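Colleague: Would you be able to build a 3D model of this:
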Amino acid sequence: MVSTHSASNGFIAGLIAWSAHNPVIIFFFAAAGCFWGYRSLLGAPLDAIPDLSDVQVIVYTDWPGHSPDLIEDQITYPLSTMLLAAPKVRTVRGQSVMGASFVYAIFEDGTDVYWARSRVVEYLNTLQSKLPEGVRPTLGPDASGVGWVYQYALVDKSGRHDLAELRSLQDFTLRYWLESLEGVAEVASVGGFEKEYQVAVDPIRLSLLDISLNDMARAIRRSNSDVGGRVLEIAGHEHIIRGRGYIRTLADIRQIVLKAGRKGIPITVGDVAEVSPGPALRRGLADLDGERETVGGIVVMRYGDNALDVIERVEERLTEIRPMLPAGVEIVSVYDRSSLIRGAIDTLRTTLTEEMVAVSLVVVLFLLHLRSALVVMVTLPVAILLAFLPITAQHLTANIMSLGGIAVAVGAMVDAAIVIVENVHKRLELAAAENGTADRSPVIIAAMQEVGPSIFFSLLVITVSFLPVFALEGTEGRLFRPLAYTKSYVMGFAALLAVTMTPALAMILIRGRIRGDDNPFNRRLVAMYVPVVRFAVRFRWGVIGAAILGVLATVPVFRQIGNEFMPPLNEGVLLYMPTTLPGISITEAGRVLQLMIES
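Modeller: Numbering: from 1, shown residues only. Alright, predicted model coming up:
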């Protein structure tokens, strides 16, 4: 054990001496690392907070007109039991509502979301034959629980376009323009009326003509299609015969033949029903600022993409689209996460800058040597830039937690450079008192070799101190692991720079007059510190007892302190989503919403 420790110290001492004698090589590799670290920083995904959602795949099944209990028995339950056997599935949750089924397959942490989606598709293919006829489950968007990054509303203050026309503009134009952007998984439409052709049947006429509703539905469905025929050769040319039957107008629906009546007279849909355009059944509405109902779109980001880049692409595309909108229609942004992301990043950038300036001022104040302070000031940004190499390679998001790990590590990062520089100053001061103006290089190298190995291993100890954080699972792990990763990377590179770049900088920058005991600030601090130490050593048992009593006195206070899993984050944007009693109608919900906003 002793020989291994001595060998490690000897290696570190040799590395310090080599770095001090070859500063050009050290600076070259440091500059290259900083360049790639800066490139990695520019390409790192940016977001406000870590993605705390589970790896999940949503299976949506539409079965209109059927009750929740029937959907639960024939769709939700078979899908849920089947997905329980899928590999790496941790939990399966099902929800049945009127006309639709939702099944959520929650996978283990660390599972690739696209691997999970492919496994779910395989299982759905095996179960398709056991589902009711015409039922086809579909997968939800490849997005996480925090993928909602942007929302906009379509406003027409001129009154030229109603909610149905705005919804058609959103569904058939805007949605496709935005979904084509890189990083956009889905653009969900909210509010307005979905346009559809409605057939209002007269039951008395159907009964008199002996036509059932199934006969009418089957006739309309079969008439809305094209059919192909054979090839007919005429005058040396081939002519393809086909029947064109796609419905394009209301008149096409009215002319669909249901059966032949007396004397072969055809009975059409128009004879037994009223055909007209109308809105589809609504299950929700959207209101903008309490002024009027509106139509909007929710932009959902693809899993693992850069939220800030996606928002910028969406805003650029909306800027291109605005001149092409119908007269009177405007696009209003109602939610934009970019302000929160930029605010969080700016706050951390300001904090890091303040910490670096404060540390540099402290070093200058204690050493009264500006060149020595540069050793510390240069080491800090280099270690931070190098840390972004593994951060980007690991696809970690730059957010308030991951960048907070850098802020936590700044204080410990500078300890190495400060201790090394201070020891160099002390040794140079002693050497000057003994030998006068002798060659400083051997003294500087010996001073750095004296404390360098200890500093290196102490920083490694601090680096591995966050290893228990990586054992956290679930939401806690997803929240705190980014902080542990960044802090460990920064501390690791700080330890490496302490025995490579710091010696190279010290050989070049530590020149001129060295003021040790002549520093008046240090003398005052020592004068205040020594009596305290002597008192603590003389009355050691009393000091220990007072410390224990102080710790015990904090227990009642600690028990009264509240706790919260997440700190409050003020985005500066309010998304108002009230809840009411179940069963409330759309009309009443709109009225209550207006009253809430007006009050």
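Colleague: Would you mark the buried spots in the longest helix along the chain?
Modeller: Secondary structure of the chain read by DSSP state H shows that its longest helix is helix 402-435. For helix 402-435, burial by neighbour count (16 or more other Cβ atoms under 10 Å) applies to 402-410, 412-425, 427-429, 431-432. Every residue, glycine included, has its C-beta placed from N, CA and C.
Colleague: for stretch 106-124, same thing?
Modeller: Under the neighbour-count criterion of 16+ other Cβ under 10 Å, stretch 106-124 has Ile106, Phe107, Thr111, Val113, Ala116, Arg117, Arg119, Val120, Tyr123, Leu124 buried.
Colleague: Identify the residues contacting the fourth one.
Modeller: Yep, that's Val113 we're talking about. By Cβ atoms under 8 Å, 6 or more residues apart in numbering, the contact list for Val113 reads Val55, Val57, Asp142, Ser144, Tyr303, Gly304.
Colleague: Same question for the second one.
Modeller: Contact criterion Cβ under 8 Å, 6+ apart gives Asp54, Val55, Gln56, Val57, Lys88, Val89, Arg90, Ala116 as the residues in contact with Phe107.
Colleague: The fourth one: helix or strand, and which one exactly?
Modeller: Secondary-structure assignment from DSSP states H and E places Val57 in strand 55-62.
Colleague: ditto for the last one
Modeller: Counting by DSSP H and E, the secondary-structure element that holds Ala116 is helix 113-127.
Colleague: Measure how that helix sits relative to strand 55-62, angle-wise.
Modeller: Here the directions of helix 113-127 and strand 55-62 differ by 40 degrees (axes from the mean of the first three to the mean of the last three Cα atoms, to 10 degrees).
Colleague: next SSE after helix 113-127?
Modeller: Next along from helix 113-127, by DSSP H and E: strand 138-139.
Colleague: pLDDT of that following strand, averaged?
Modeller: Taken as a whole, strand 138-139 has an average pLDDT of 90.
Colleague: now swap in stretch 85-97 and tell me
Modeller: 90.
Colleague: Report the buried residues of that stretch.
Modeller: Quick answer for stretch 85-97 (16+ other Cβ under 10 Å): Ala86, Lys88, Val89, Val92, Gly94, Ser96.
Colleague: Let me have those residues in TSV, extended by distance to Arg538.
Modeller: Below are the buried residues of stretch 85-97 laid out as TSV (distance: Cβ to Cβ, whole Å):
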residue	distance to Arg538
Ala86	70
Lys88	64
Val89	66
Val92	68
Gly94	72
Ser96	77
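Colleague: any low-confidence regions in this structure?
Modeller: Counting by pLDDT under 70, the ranges of the chain that qualify are 1-7, 348, 435-439, 512-519, 564-577, 598-599.
Colleague: how much space is there between the residue located most distally from the centre of it and Met324?
Modeller: Distance from the C-alpha centroid of the chain peaks at Lys263, with 69.8 Å (Cα atoms, centre = their mean). To Met324, Lys263 is 55 Å away according to Cβ to Cβ, to the nearest Å.
Colleague: sorry, back to before: tell me the two of the contacts of Val113 that are most distant?
Modeller: Farthest pair in those (Cβ to Cβ) is Val57 and Gly304. Separation: 14.7 Å.
Colleague: For those two, work out which one has more neighbours and name it.
Modeller: Between Val57 and Gly304, counted using other Cβ atoms under 10 Å, Val57 has the larger neighbour count: 24 against 17.
Colleague: what's across from the more buried one in the sheet?
Modeller: Note on Val57: beta-bridge partners by DSSP bridges are Ala105.
Colleague: Surely it and Val121 touch.
Modeller: No - Val57 lies out of contact with Val121 (Cβ atoms under 8 Å); the separation is 9.1 Å.
Colleague: what sits in contact with each of those two?
Modeller: Common contacts of Val57 and Val121 (Cβ under 8 Å, 6+ apart): Leu139.
Colleague: Just confirm Phe366 is within a strand.
Modeller: No - according to DSSP: H, G, I helix; E, B strand; the rest coil, Phe366 belongs to no strand; its state is helix.
Colleague: what about it, neighbour count?
Modeller: Phe366: 18 surrounding residues under other Cβ under 10 Å.
Colleague: Surely it and Arg523 touch.
Modeller: No - using Cβ under 8 Å, Phe366 makes no contact with Arg523, being 11.5 Å away.
Colleague: still on that earlier bit, remind me what the longest helix of the chain packs against, helices and strands.
Modeller: On a contact count with 3 or more Cβ pairs under 8 Å, 6 or more residues apart in numbering; DSSP states H and E, helix 402-435 meets helix 338-367, helix 370-393, helix 440-464, helix 474-498, helix 501-509.
Colleague: can you pull the contacts of Asp69?
Modeller: Per Cβ under 8 Å, 6+ apart, neighbours of Asp69: Ser96.
Colleague: What helix or strand is it located in?
Modeller: Per DSSP H and E, Asp69 falls inside helix 68-71.
Colleague: What residues sit buried inside that helix?
Modeller: The neighbour-count criterion (16+ other Cβ under 10 Å) identifies Ile71 as the buried residues of helix 68-71.
Colleague: let's have the chain start at 48 instead
Modeller: In the new count, where the first residue is 48, that last one comes out as helix 115-118.
Colleague: could I have it exported to PDB, CA atoms only?
Modeller: The C-alpha trace of helix 115-118 is given here as PDB (Å, rounded to 0.1, in the frame of the first residue of the first chain):
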ATOM      1  CA  PRO A 115     -66.400   3.400 -21.700                       C
ATOM      2  CA  ASP A 116     -67.200   0.000 -20.100                       C
ATOM      3  CA  LEU A 117     -67.400  -1.600 -23.600                       C
ATOM      4  CA  ILE A 118     -64.100   0.000 -24.600                       C
END
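Colleague: which SS class is Gly351?
Modeller: Classification of Gly351 by three-state DSSP places it in coil.
Colleague: So it sits against Pro92, correct?
Modeller: Yes - in this structure, Gly351 is within contact of Pro92 by Cβ under 8 Å, at 7.4 Å.
Colleague: Can you pull the residues that touch both of those two?
Modeller: Here Gly351 and Pro92 have His442 as joint contacts, going by Cβ under 8 Å, 6+ apart.
Colleague: Run a quick neighbour tally on Leu399.
Modeller: Applying other Cβ under 10 Å, we find 17 other residues in the vicinity of Leu399.
Colleague: Pull the contacting residues for it.
Modeller: Neighbour list for Leu399: Ile431, Ile453, Ala454, Val457 [criterion: Cβ under 8 Å, 6+ apart].
Colleague: Max pairwise distance over these: which two?
Modeller: Farthest pair in the contacts of Leu399 (Cβ to Cβ) is Ile431 and Ala454. Separation: 10.1 Å.
Colleague: returning to that earlier point: relative to Pro500, which of the buried residues of stretch 132-144 is nearest.
Modeller: Once Cβ to Cβ is applied, the member of these that ends up nearest Pro500 is Lys135, at 44.9 Å.
Colleague: from what I can see the closest one touches Ala163, true?
Modeller: Yes - using Cβ under 8 Å, Lys135 is in contact with Ala163, at 7.1 Å.
Colleague: Report the buried residues of stretch 210-226.
Modeller: Leu210, Ala211, Glu212, Leu213, Arg214, Ser215, Leu216, Gln217, Asp218, Leu221, Arg222, Leu225.
Colleague: just checking, the first one touches Val237?
Modeller: By that I understand Leu210. No - using Cβ under 8 Å, Leu210 is not in contact with Val237, being 11.5 Å away.
Colleague: Residues in contact with both of these two, list them for me.
Modeller: Taking Cβ under 8 Å, 6+ apart as the contact rule, Leu210 and Val237 both touch Val342.
Colleague: What strand or helix carries Arg265?
Modeller: Arg265 belongs to helix 260-270 when assigned by DSSP H and E.
Colleague: Which residues belonging to that helix are considered buried?
Modeller: Of all the residues in helix 260-270, those buried under the rule 16+ other Cβ under 10 Å are Met263, Ala266, Ile267, Ser270.
Colleague: Just the CA trace of it, in CSV.
Modeller: C-alpha atoms of helix 260-270 as CSV (Å, rounded to 0.1, in the frame of the first residue of the first chain):
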residue,chain,number,x,y,z
LEU,A,260,-79.5,3.0,-40.9
ASN,A,261,-76.9,0.3,-41.6
ASP,A,262,-78.0,0.2,-45.3
MET,A,263,-77.6,4.0,-45.6
ALA,A,264,-74.2,4.1,-43.8
ARG,A,265,-73.0,1.2,-46.0
ALA,A,266,-74.1,2.9,-49.2
ILE,A,267,-72.4,6.2,-48.3
ARG,A,268,-69.2,4.4,-47.3
ARG,A,269,-69.1,2.4,-50.6
SER,A,270,-69.9,5.4,-52.7
